[in-house]
Each structure stands twice: as structure tokens, then as C-alpha cells.
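In: What would the 3D arrangement of this be:
(one chain, ligands or ions: 2)
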Amino acid sequence: MTNDFSLSGLRVGTRALRVTTCAALALVVAACGDSGGETDTQSGTMSTSEGSSSMTTTAGPATSATTAGGMTTGGGMTTNSTPAMTTTETSATTTTGGMTETGETTGTETTGPVIPPCPYEPVDGDPGIGLELIASGFNRPVYVTGHPLMPDTLYVLEQKSGAIKILNPGDDAPPDESFLELNVNQSENEMGLLGFAFHPDFPEDPRVYVHYNPDASTTLISEFQLADPDDHTLADPNSERVLMQVDQPFGNHNGGSIEFGPDGYLYISLGDGGAANDPLNSGQSLDTLLGKILRVGVEPGNGGEYTIPDDNPFVNDPGAEPEIWAYGIRNAWKIAFDPETGVLYAGDVGQGEWEEVSVIEGGENYGWNELEGFHCFQGACDDSAGPHELNADNMRAPIVEYPHDGPGSGKSVTGGHVYRSCEVPAWSGVYFYADFVSDRMWTLRWDGANVTDNNLIFDPSPDSNPSSFGTNAWGDVYVTFFGGFGGSVYRVVPQ
Ligand SMILES: [Ca+2]
Ligand SMILES: [Ca+2]
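Out: Ligands and ions are numbered 1, 2, ... in the order given. Prediction:
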């Protein structure tokens, strides 16, 4: 295998390699989201289970929904009752970034936790978009997110090692040690460790959540505790509490994201279960958790390991699973909230012709397997709905799509994240997304009613197989690539 990674167009930045133009990588890694036409050799009947059999359909928010995953990028400061961190940041009494307050205890009042001020000098205007290499050498990185109080301390998931690696500021490679290491399925390309979220009150509440496949027929949503509440570098591997177990009828289309919403509930993306054409009709069936976005409270309650929000859209429908938030999903393996607006984006991988990004709203039907993108899938339908409009069958169209062939094409969308960093105010609200197979990357703007911008920004990206986007409390956007020379993590930067 020749590695013809070109150094032209690269320059060394203060921290790491900064890529300012598109360099080509020839190495191709097997697709994760998949393209059309695949069939699984597995067979068997689908049987989802809702985790604890004693789950009930009541209870309110399980978490104090003061923040969405710690993303207080709008300048909001949380004022939890006890300081959660005693790192050097807590000694600051004033800041210039407008994002933090003192973490000191004064009299009987305490404030905290403390997020360091956004460290960047804001860039005027609308600069070019660059990607700064932070670190490489990861084994199939599938997600990156910042520690809620230490935004430039990054937690990176490796799909097949099942490990979560912590990148400290300045690190350019993953450490040997892991924050957590799970035993995950090795045989199925799309399975493994897929999703991760800090509790919204982390680290004061020292719990984290993972979405993974321990074997070829199972998805688990589990909670782990820190081994020591004052040590953010290690989770206790023996502290697993399984919230939800879902049977997987096929090896692919497992979804994979978990994200806390601004309401403090955990949102879970599950694919249609797998194979071609959604043979079990999971997307359009409300009696299965497959092919859905779910919404649950993470505290045990009413005899189960999680709770159902009272205002979930199908709680009063006896034929529907009450966890369902939205349906008609094929394989939205990446979903993300805009931390400022609360808009939920999903990149839903298509089968043979169209890739889409949708804005997810409670109770809505996103079309699969009757729609692929804006188009009818195998048979007649109403394909006249415009972006985010409903068709005649009350199916919600995506906000954008792109084809599998031709200019600007791709074969497996990697849903992105929204930029809210102080570094480039002009980019605030921009959603970055990519294609895992064609390595193209785009930005779009959604104003709540219309896509006001949709631009191809890298053709191709500086590394191969963009596998996920992530963010931190400063609102930076990071990208992970499977890569040709060891998986990598980049940060979106002005150039
Ligand atoms: Ca599956
Ligand atoms: Ca759709």
C-alpha cells in the first residue's frame, strides 16, 4: 500500500499540523454507515426488548436540565450548589470571556462548576475554513467530545478496541491508558463502541453513558461511574448499569448516538436493524425501538432502569413504544443538538441513491422506508414535500440531501455538529457534516424554516473516512477520521 499523503498544502501550526488545502489519501476503509445493496447473511426474527421488563411509562425529567451536556456556550453559567471541580480553573475569580464566574466559595454561597473562558482571539469576518490536526493514531475513532469543564480535554471513542481515550491539551496521540474499555463485537463492521455522553451535571454527578454492541445481536445503553469522583481520568469498569437492551436482527444499521438534550433527557439513535430495504419494516412500525430516535430519563424509576418522559409523543398510544421520539429512520448513527437553539440534527444514511440531513422533532415520521431523501423508495409515494415539509402521508422531508453519484456525491452521511465557538463569531450556528465514503465535507445553515446556506467545503477532506463530529463547552467543532495512517482528530479553525 502506498501512502501518497501529500505534504504540500500542510503547514505546521503552533500545536500540530494544520491543513489548509485538501490532501489526498488513497487508503480506503470499509464503509461504516454503508452504501446500498448490502445484505446480511444473518437471519432471524426481530425481537426488541425495552431493557428492563418492568419499565413503566411515567416519571418526569430525571436530570436537572440546567444545561445540555455542559454546553453553556451561550455565555450561560450554571450555578450548581457545589463546585464540582477543584482544578486550577477554580482559582479564577474573574474572566474576560464572559462564560464563567468565580468558582470560589463565599460565605454560605457557592458557585460552580467553572468553565475556563473561551481562549481564542475572535476572528473578524467570514474567514476560510481549515482543519487543524490535533492527534492521530487512533483505532477507528467514532466520536470525540470535550470534558464539560475542561473543553480542550477530549474524550475519543475507538469503535473496535471499545476504548475511550483521553487527549489532554498538547497530546498528539492517544495514551496507552483508557478512560474505559468495553468488550465489543469484532465481527460486524458497523458494531462496536458507538456513542458516549457525560451526564448533564458531570462531574458533580460522576456518571457517563455509552452506546455499544457487546455482541452481534445486541445494543446496550449503559451507565458507568467514575472510579473516584474527583478523578475524571478513569471510569469504574465494574459500575455498569444497563439502562436499555435492544436486540439487533442484523449486523448493520445500529444507529449509535446518545446525546442529552437541553431538557436533560437522553436521546438515542437506533437504525432500522439492518439488511437492505428494511425487511422488518422497522422504520414505519411504532411497536419496535428500531428505526427510531428515542427519548428517556436516565434515572431508575417505576421499577425500571430508565423512565419515560410524560410528554413523549406516543405515551398514550397502546400500540407504540413509549420511548419513541421520532420514527421513519434508516440509520441515523450521528445526531446532535445545537446547544444554543436546541435544534436536533440527524444525518440519516441512505440505501442506494440519497443521503440526507433531517431536523428531528417529536412525534414526526422521517419517511424510511417509503422515502429516501426527498424521493420515493421502491414504489409510489408523495415526493412533493420541500425541505422539512410534510408530504401527503405526514412524512417529514429532510432539510438537505445529496446523491450517491455525480458531483458532490457520497454514499454514507456522517451527521455533524453545530459551531458555536467564540473563535469565529460569523460561523455561529453553522452545521458541519460530511460523507464517510467520498470524504467530502459541507456546511449548512438552518434558520428554523429554511436552509439558508449549504456549501461543499472540502472535496475531499484532508483525511479519509470522516466518521464523526463532536464539540465542547466552548462550541468548537471537532472531526474524527478513520484515516489512512491511524485515525485522527481535527478541530475546525479559521485560516
Ligand atoms: Ca443491526
Ligand atoms: Ca428521511
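
In: Give me the nearest residue to the residue of the stretch 251-400 of the chain found nearest ligand 1, chain neighbours excluded.
Out: Per CB to the ion, residue 274 is where the stretch 251-400 of the chain lies closest to ligand 1, at 3.7 Å. C-beta here means a position set from N, CA and C on the backbone, and glycine is covered the same way. Leaving aside its chain neighbours, residue 274 sits nearest to residue 250 (2.6 Å; criterion: CB to CB, 6 or more residues apart in numbering).

In: rewinding a little: to what extent is the residue of the stretch 251-400 of the chain closest to ligand 1 buried, counted in neighbours?
Out: The tally of other residues near residue 274 (other CB atoms under 10 Å) stands at 26.

In: Confirm that it sits in a strand.
Out: No. Counting by DSSP: H, G, I helix; E, B strand; the rest coil, residue 274 falls outside a strand, being coil.

In: Can you tell me the SS state at the residue nearest to residue 274?
Out: coil.

In: I'd assumed residue 273 was in contact with it.
Out: Yes. Between residue 250 and residue 273 there is a contact at 5.7 Å, judged by CB atoms under 8 Å.

In: Between the two, which is the more surrounded one?
Out: Neighbours were counted for residue 250 and for residue 273 using other CB under 10 Å; residue 273 has more, 30 against 27.

In: Need phi/psi at the more buried one.
Out: Here is the backbone geometry of residue 273 (degrees, to the nearest 10): phi 100, psi -30.

In: Tell me who's in contact with it.
Out: The contact partners of residue 273, taken as CB atoms under 8 Å, 6 or more residues apart in numbering, are 46, 248-250, 253, 280, 282, 288, 290-291.

In: Against residue 352, how distant is it?
Out: 18 Å (CB to CB, to the nearest Å).

In: try residue 453
Out: 28 Å.

In: Repeat that for residue 422.
Out: 42 Å.

In: Have a look at those two and say which one is more surrounded.
Out: Set side by side, residue 422 and residue 352 show more neighbours around residue 422, with 21 against 15, by other CB under 10 Å.

In: hang on, that one packs against residue 473?
Out: No. The criterion here is CB under 8 Å, and residue 422 misses it with residue 473 at 11.2 Å.

In: Touching, residue 184 and residue 212? I think so.
Out: Yes. Between residue 184 and residue 212 there is a contact under CB under 8 Å: 5.5 Å.

In: Show me whatever sits in contact with both of these two.
Out: Common contact partners of residue 184 and residue 212 (CB under 8 Å, 6+ apart): 162, 192-193.

In: Identify, from those residues, the entry nearest to ligand 1.
Out: Proximity of those to ligand 1 (CB to the ion) peaks at residue 192, which lies at 12.1 Å.

In: Next, count neighbours for the closest residue to the closest one other than its chain neighbours.
Out: Nearest non-adjacent residue to residue 192, counting by CB to CB, 6+ apart: residue 159, 3.8 Å away. By other CB under 10 Å, 27 other residues sit near residue 159.

In: confidence score at residue 159?
Out: With respect to pLDDT, residue 159 has a value of 98.

In: Now do the residue nearest to residue 274 against ligand 2, distance only.
Out: Separation of residue 250 from ligand 2 (CB to the ion, to the nearest Å) stands at 20 Å.

In: Likewise for residue 325?
Out: Residue 325 sits 15 Å away from ligand 2, going by CB to the ion.

In: Check what pLDDT that residue gets.
Out: At residue 325, pLDDT is 99.

In: Could I get the contacting residues of residue 234?
Out: By CB under 8 Å, 6+ apart, the neighbours of residue 234 are 179-180, 226-228.

In: The chain: helices as residue ranges?
Out: Secondary structure of the chain (DSSP state H): no helices located.

In: Any idea how many residues pack against the residue of the stretch 201-350 of the chain found nearest ligand 2?
Out: Proximity of the stretch 201-350 of the chain to ligand 2 (CB to the ion) peaks at residue 348, 5.2 Å away. If you count neighbours by other CB under 10 Å, residue 348 ends up with 33.

In: wait, what's in contact with the nearest residue to it once chain neighbours are set aside?
Out: Nearest residue to residue 348, sequence neighbours excluded (CB to CB, 6+ apart): residue 332, at 4.6 Å. Residues in contact with residue 332 (CB under 8 Å, 6+ apart) are 255, 257, 269, 271, 293, 346-349, 358, 415.

In: So which residues on the stretch 101-250 of the chain come close to ligand 2?
Out: Counting by CB under 5 Å from the ion, none of the residues of the stretch 101-250 of the chain come close to ligand 2.

In: Let me fix that, I meant to ask about the stretch 301-450 of the chain.
Out: Neighbours of ligand 2 within the stretch 301-450 of the chain, by CB under 5 Å from the ion: 366-367.

In: so where's this structure uncertain?
Out: 1-112 (pLDDT under 70).

In: switch to 80 and redo it
Out: Applying pLDDT under 80 to the chain picks out residues 1-113, 484-485.

In: Around ligand 1, which positions in it sit nearby?
Out: When proximity is defined by CB under 5 Å from the ion, the chain lies next to ligand 1 at 248, 250, 253-254, 273-274.

In: Okay, residue 449 and residue 395: tell me how far apart.
Out: Distance from residue 449 to residue 395, by CB to CB: 18 Å.

In: Show me which of these two is the more surrounded one.
Out: Set residue 449 next to residue 395 and count neighbours by other CB under 10 Å: residue 395 wins out with 22 against 8.

In: Not counting sequence-adjacent ones, nearest residue to the more buried one?
Out: Closest residue to residue 395 apart from its sequence neighbours, by CB to CB, 6+ apart: residue 367 at 4.3 Å.

In: For the one you found, give me its contacts.
Out: Residue 367 sits next to 283, 328, 391, 395-397 when contact means CB under 8 Å, 6+ apart.

In: Format these as JSON lines; extra columns: distance to residue 428.
Out: Output for the contacts of residue 367, formatted as JSON lines (distance: CB to CB, whole Å):
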{"residue": "283", "distance to residue 428": "34"}
{"residue": "328", "distance to residue 428": "31"}
{"residue": "391", "distance to residue 428": "32"}
{"residue": "395", "distance to residue 428": "31"}
{"residue": "396", "distance to residue 428": "26"}
{"residue": "397", "distance to residue 428": "26"}
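
In: Just the buried subset of the residues you listed, written out for PyMOL, thanks.
Out: To isolate the buried ones among the contacts of residue 367 in PyMOL, judged by 16 or more other CB atoms under 10 Å, type:
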select buried, resi 283+328+391+395+396+397
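
In: Look up how far residue 215 lies from residue 305.
Out: Distance, residue 305 to residue 215, using CB to CB: 19 Å.

In: Comparing those two, which residue is more hemmed in?
Out: Of the pair residue 305 and residue 215, residue 305 is the one with more neighbours under other CB under 10 Å, namely 22 against 15.

In: I'd say the more buried one and residue 245 touch.
Out: No. The criterion here is CB under 8 Å, and residue 305 misses it with residue 245 at 9.5 Å.

In: Tell me which stretches of the stretch 51-200 of the chain form strands.
Out: 105-106, 109-110, 129-138, 141-146, 154-158, 163-167, 180-181, 193-198 (DSSP state E, counting those that start in this stretch).

In: Could you export these as a markdown table, including distance to residue 403 and mean neighbour count?
Out: Converted to a markdown table, the strands of the stretch 51-200 of the chain look like this (distance: least, CB to CB, whole Å; neighbours: other CB atoms under 10 Å):
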| stretch | distance to residue 403 | mean neighbour count |
| --- | --- | --- |
| strand 105-106 | 58 | 11 |
| strand 109-110 | 55 | 12 |
| strand 129-138 | 23 | 22 |
| strand 141-146 | 25 | 27 |
| strand 154-158 | 30 | 26 |
| strand 163-167 | 35 | 22 |
| strand 180-181 | 39 | 20 |
| strand 193-198 | 26 | 25 |
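
In: Understood, closing this out.
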